[in-house]
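Asks: got a predicted structure here, sequence first:
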Amino acid sequence: MARSTFPDDLMQVQREWDRVYRALATPRPHGAAELRRRLLLLSARIFTDPHLGTNRPSTGWAELRHQARLEGQKAGRHE
């Protein structure tokens, strides 16, 4: 498996972002307000991370999401 170009802590934040996003996507999620706040906090942590770059952070985020999902699939997690 190719090693991620992102630090492990940032990959973990992205995996948590995916988990919270999926929880919010369910019909009538339990604790929706808390989940929304958590998603905003995680989004801020991701977008302010220096590894995403300052010119086009959305491009870096797309790559981060892709790598986190690939690692999750290879580890047997559904992300």
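Replies: Looks like it arrived, so ask away. This is a predicted model, so every value here is computed, not measured.
Asks: contacts, neighbours, all on C-alpha from now
Replies: Will do.
Asks: need the three-state assignment for T5.
Replies: Three-state assignment for T5 (DSSP: H, G, I helix; E, B strand; the rest coil): coil.
Asks: pull the number of nearby residues for it.
Replies: When counting by other C-alpha atoms under 10 Å, one arrives at 11 neighbours for T5.
Asks: same check, this time on the one 10 residues further on
Replies: Applying other C-alpha under 10 Å, we find 21 other residues in the vicinity of R15.
Asks: now it. Nearest residue, chain neighbours left out?
Replies: Distance criterion C-alpha to C-alpha, 6 or more residues apart in numbering; nearest residue to R15, sequence neighbours excluded, is A68 at 6.3 Å.
Asks: what helix or strand is R37 on?
Replies: helix 32-47 (DSSP states H and E).
Asks: then E63?
Replies: helix 57-74.
Asks: looking at that helix now, give me its mean pLDDT.
Replies: Averaged across helix 57-74, pLDDT comes to 81.
Asks: relative to helix 32-47, how tilted is that helix?
Replies: 110 degrees (axes from the mean of the first three to the mean of the last three C-alpha atoms, to 10 degrees).
Asks: roughly how far is helix 57-74 from the heart of the chain?
Replies: Distance, stretch centre to chain centre, for helix 57-74: 8 Å (C-alpha atoms, centre = their mean, to the nearest Å).
Asks: now for that helix, which elements pack on it?
Replies: Under the contact criterion of 3 or more C-alpha pairs under 8 Å, 6 or more residues apart in numbering; DSSP states H and E, helix 57-74 touches helix 8-25, helix 32-47.
Asks: tell me how far the most centrally placed residue in the chain lies from R28.
Replies: The structure's the chain has its C-alpha centroid closest to Q14; by C-alpha atoms, centre = their mean the separation is 2.0 Å. Going from Q14 to R28 by C-alpha to C-alpha, to the nearest Å gives 23 Å.
Asks: and R36, by the same measure?
Replies: 13 Å.
Asks: least trustworthy helix or strand in the protein by mean pLDDT?
Replies: The weakest-scoring helix or strand in the chain, judged by mean pLDDT, DSSP states H and E, is helix 57-74 (a mean of 81).
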